[in-house]
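A.B. asks: I need the structure of the sequence given here:
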Amino acid sequence: MQTQLIHLLLFLPLAQFLGYIFFNQTKNKNWIVFSLLSQAFLLGLTVYLYVIFKNTGPISNSFVWFSLSDSVRFFVGYSISVFSIWMLMVVQFISLFVHIYSVEYKKNDSQFYRYFAYLGIFIFAMNGLLLSNNLLITFIFWELVGFASYLLIGFWFEKPKAVSANKKAFLTNRIADVFFLIGIMLLWANTGTLQFEDLKTIYIPENTAFWSSICIFIGCMGKSAQFPFQLWLPDAMEGPTPVSALIHAATMVAAGVFLMVNMVFLCPPEVLQFVAIIGTLTAITGSIAALSQFDLKRVLAFSTISQLGFMMAAIGLGNANAAFVHLIIHAFFKAGLFLSAGSVIHAMHHSHDALPKANSKYHFDKQDIRNMGGLLKIIPTTSFCFIICGLALIGVPFFSGFMSKGAILTTAFSQFNAQTVITIGLFLSSFLTAIYVSKTIFITFFGQLKIKNLLENHQIILHENGKPIVIALVVLALFSISFNPVFGLLTTDISTLNIAQSVNYFTTELLAILAILVGVSLSFYIYIKKPVFKTFNALFKPLFYVSYNHFYLDKLAKKVIEMPTLRISYFINQTEQKVVDYSISMLAVSQVVLANILAWFDGFIIDGSINLGMSGIQYISQTIKNSQTGKVQSYLIASFVIFILIILFLSMML
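C.D. replies: Numbers count the residues shown, from 1 in each chain. Here you go, the predicted model:
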């Protein structure tokens, strides 16, 4: 029974993909209903599996996929642990509301069917990754997640930026995945198994554990956008906004953290220290980059990078449970933030499209928060949902992020003497988060709408979006408040702090609240009080550009990786064309010339010699033939002549 349920959980999204691709290429309402019902069924199914898990414990099953010998066998199977069941529930939950949201958001898109098909293959890949019980199957679905994200990020393939973004995401992750594959091969070569449960119980040589865990972590760095692999994630905003909510909240970027939580048993202390350093560096760089962004979606993208760094730092500090709890809670409020941002952009887009298209002066960037303002009064539901989820991201008390971020900060603070730099870095990132989130809220939802006069002159009214969008936003906002049943169940199932760490919890939370208050106040004075903002901008203009350009990492990557690679490729191409191809062409020409010479020699010399010999023999034979007259007199004369010649020859010899 359980196996059949797992099959349904895995293959129903695949059926959605195949159905849209092969049987429905129109906006058929029956297929939309099927998509929504299937997602609702998957959510109910994961809840049912959660109940089974609570009663029976971990669920697993596997069978031999193929064998190379009696001792070399590869398995395929599933395993449901406390981490995987929670991730499955969250993925189905977020996916359901992304589908509901998308019905309204994509209703006028001519490629409606293709969008829902891609969602299906993406969820299929993510479910397979979460269910797999060994590294080989995990890697297969890991790559399929990357392929599906490539399709979704580049959904609007007619836009050059979207094409560039999906290639960037795909190639960046492939570089990291090479190391992931090396780590898998190291484990297989030295242990003979890739099953998670077996790896937890058998002896793994220290050298193998060190290098394999480093390689696997590098693979996770690519998927979860850790420094310096985070370059792809901000550009991934070129995809549809619901896709951003799905990829950056509960699925693709969460996969790296999820795998590290499951593989933390493999990591020696040196590797965990490296993980903590990379996580902290990612958290700080993401927060600093978010400070100067004015594109609403890019602010949230850099926020995602920062929060993923928080999670990785927690794993490195030895508290994988806190990292996982923050991963789950982050999925709700970050999905709410992206979908709320999408609602704002959707409303701005409709207003922009209503303006006269002939005059370019009416053009404005629909995602630039500097064109917004005062939206709290215009689209209040969207505004309140964004603000609630934003407060959860900041970590304000009574919102979900307060507890999970507090657990991570407490873990760092309890190791302050040993991890001073990491602790300060995480607190600094938390402080910067308060600044950039409150900045976004102040500029976007308070004050006056910057394009108010433009819209009023053309009698255009900015209004709230349709019910499917509003429903999705309200539900996700409710789940971003601390007092909800999911939060209670999660903290019951997964303990985030041990007794020693709990001693520092109160002090840590006080420091965190103080950092939030200072950050929000500073943001208010910088971005609401214009004279202060102008002074601040003048004083820190060089730093602004460093932040705005993401520490120039894109340019650095272009100079250090992209341009040398292109130059090497160009050199190889030119070498291939001008040396290899030319050499092959000249060899071919020389062979043709040699063949012609040999053909002439064969025809003129060899065949000529043979033909000459044949002609001589033929002449002699003809002469002899003609000499045979049948007359006795002729024979006597010939005999006499021959006799005389012989006599002469003998006399000459003597």
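A.B. asks: packing partners of the helix ranked longest in the chain?
C.D. replies: The longest helix of the chain (DSSP state H) is helix 320-354. Contact analysis of helix 320-354 by 3 or more C-beta pairs under 8 Å, 6 or more residues apart in numbering; DSSP states H and E lists helix 82-105, helix 241-245, helix 252-263, helix 296-316, helix 380-394, helix 400-413, helix 467-478, helix 485-493 as its packing neighbours. In this view, the C-beta of every residue, glycine as well, is placed from N, C-alpha and C.
A.B. asks: what packs against the second one?
C.D. replies: Using 3+ C-beta pairs under 8 Å, 6+ apart as the contact criterion, the secondary-structure elements in contact with helix 241-245 are helix 82-105, helix 296-316, helix 320-354.
A.B. asks: contact partners of it?
C.D. replies: Applying C-beta atoms under 8 Å, 6 or more residues apart in numbering, the contact partners of helix 241-245 are 94, 98, 101-102, 105-106, 119, 152-153, 155, 236-237, 297, 300-301, 334-335, 338-339, 341-342, 345-346.
A.B. asks: try 6 Å
C.D. replies: Helix 241-245 is contacted by residues 98, 101-102, 105, 152, 237, 335, 338-339, 342 when judged by C-beta atoms under 6 Å, 6 or more residues apart in numbering.
A.B. asks: just those residues now: which is nearest residue 411?
C.D. replies: Residue 411 has its nearest neighbour among the contacts of helix 241-245 in residue 335, at 25.1 Å by C-beta to C-beta.
A.B. asks: what sits closest to that closest one if chain neighbours are left out?
C.D. replies: Excluding its sequence neighbours, the residue lying closest to residue 335 (C-beta to C-beta, 6 or more residues apart in numbering) is residue 249, at 3.8 Å.
A.B. asks: next one, pLDDT for the one you found please.
C.D. replies: For residue 249, the pLDDT comes out at 75.
A.B. asks: and for it, the neighbour number?
C.D. replies: Counted with other C-beta atoms under 10 Å, residues neighbouring residue 249 total 28.
A.B. asks: part of a helix, is it?
C.D. replies: Yes. According to DSSP: H, G, I helix; E, B strand; the rest coil, residue 249 belongs to a helix.
A.B. asks: quick one: it and residue 336 touch, right?
C.D. replies: No. Residue 249 sits out of contact with residue 336 when judged by C-beta atoms under 6 Å, with a separation of 8.5 Å.
A.B. asks: quick check: closest non-adjacent residue to residue 186.
C.D. replies: Going by C-beta to C-beta, 6+ apart, residue 186 has residue 212 as its nearest residue, at 4.2 Å.
A.B. asks: residues touching that neighbour, list them.
C.D. replies: For residue 212, the contact set (C-beta under 6 Å, 6+ apart) comprises 183, 186-187.
A.B. asks: try it again with 10 Å
C.D. replies: 135, 182-191, 199, 204-205, 263, 266-267, 271 (C-beta atoms under 10 Å, 6 or more residues apart in numbering).
A.B. asks: look at residue 331 and say how many residues are nearby.
C.D. replies: Per other C-beta under 10 Å, the neighbour tally for residue 331 reads 26.
A.B. asks: residue 366 too?
C.D. replies: The number of residues packed near residue 366 is 19, by other C-beta under 10 Å.
A.B. asks: which SS state does it fall under?
C.D. replies: Under three-state DSSP, the three-state class of residue 366 is coil.
A.B. asks: quick one: contacts for the nearest residue to it once chain neighbours are set aside?
C.D. replies: What sits nearest to residue 366 in space, not counting adjacent residues and going by C-beta to C-beta, 6+ apart, is residue 348, at 4.2 Å. Residue 348 sits next to 296, 364-368, 371-372, 375, 379, 451, 462 when contact means C-beta under 10 Å, 6+ apart.
A.B. asks: of the residues you listed, which pair is most distant in space?
C.D. replies: Farthest apart among the contacts of residue 348 by C-beta to C-beta are 365 and 379. That separation is 18.0 Å.
A.B. asks: so which residue is smack in the middle of the protein?
C.D. replies: Nearest to the geometric centre of the chain sits residue 146, at 4.5 Å (C-alpha atoms, centre = their mean).
A.B. asks: now do the same contact list for it.
C.D. replies: Listed by C-beta under 10 Å, 6+ apart, the contact set of residue 146 reads 125, 169-170, 172-174, 176-177, 222-223, 252, 255.
A.B. asks: what subset of those residues is buried?
C.D. replies: With neighbours counted using 16 or more other C-beta atoms under 10 Å, the contacts of residue 146 contain these buried positions: 125, 169-170, 172-173, 176-177, 222-223, 252, 255.
A.B. asks: tell me which of those residues fall in helices.
C.D. replies: Secondary structure assignment by DSSP H places 125, 169-170, 172-173, 176-177, 222-223, 252, 255 of these in helices.
A.B. asks: of those, the lowest pLDDT goes to which?
C.D. replies: On pLDDT alone, residue 252 ranks lowest of these, at 86.
A.B. asks: grab the nearest non-local neighbour of that residue.
C.D. replies: Distances taken as C-beta to C-beta, 6+ apart place residue 149 nearest to residue 252, at 5.1 Å, with adjacent residues excluded.
A.B. asks: same deal with residue 266?
C.D. replies: Of all residues not flanking residue 266 in the chain, residue 213 sits nearest, at 4.7 Å (C-beta to C-beta, 6+ apart).
A.B. asks: phi, psi of that neighbour?
C.D. replies: As for residue 213, its main-chain torsions (degrees, to the nearest 10) stand at phi -70, psi -40.
A.B. asks: give me every residue that touches it.
C.D. replies: The neighbours of residue 213, taking C-beta under 10 Å, 6+ apart as the test, are 183, 186-187, 204, 260, 263-268, 270-272, 274-275.
A.B. asks: show the buried residues in these.
C.D. replies: By 16+ other C-beta under 10 Å, the contacts of residue 213 give 183, 186-187, 204, 260, 263-264, 266-267, 271-272, 274-275 as buried.
A.B. asks: work out the gap between the one helix or strand residue 199 maps to and the centre of the chain.
C.D. replies: If you go by DSSP states H and E, residue 199 is part of helix 196-201. How far helix 196-201 lies from its chain's middle: 27 Å, per C-alpha atoms, centre = their mean, to the nearest Å.
A.B. asks: just checking, what packs against that helix?
C.D. replies: strand 59-67, strand 73-80, helix 135-153, helix 160-191, helix 252-263 (3 or more C-beta pairs under 10 Å, 6 or more residues apart in numbering; DSSP states H and E).
A.B. asks: so which strand or helix has residue 397?
C.D. replies: Here residue 397, judged by DSSP H and E, is contained in no helix and no strand.
A.B. asks: let's verify the closest residue to it other than its chain neighbours: helix, strand, or coil?
C.D. replies: Residue nearest to residue 397 in three dimensions, not counting chain neighbours: residue 513, with 6.8 Å by C-beta to C-beta, 6+ apart. With three-state DSSP as the basis, residue 513 sits in helix.
A.B. asks: enumerate every residue touching residue 513.
C.D. replies: For residue 513, the contacting residues are 395-397, 402, 406, by C-beta under 10 Å, 6+ apart.
A.B. asks: could I get the strand or helix carrying residue 543 in PDB with only the CA atoms?
C.D. replies: Using DSSP H and E, residue 543 sits in helix 541-548. What follows is helix 541-548, C-alpha atoms only, in PDB (Å, rounded to 0.1, in the frame of the first residue of the first chain):
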ATOM      1  CA  LYS A 541      28.600  56.100  -3.400                       C
ATOM      2  CA  PRO A 542      31.600  53.800  -4.100                       C
ATOM      3  CA  LEU A 543      30.200  51.200  -1.700                       C
ATOM      4  CA  PHE A 544      26.800  51.600  -3.200                       C
ATOM      5  CA  TYR A 545      28.200  50.600  -6.600                       C
ATOM      6  CA  VAL A 546      30.100  47.700  -5.100                       C
ATOM      7  CA  SER A 547      26.900  46.500  -3.500                       C
ATOM      8  CA  TYR A 548      24.700  47.200  -6.500                       C
END
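A.B. asks: now list the buried members of the contacts of residue 513.
C.D. replies: Buried among the contacts of residue 513 by 16+ other C-beta under 10 Å: 395-396, 402, 406.
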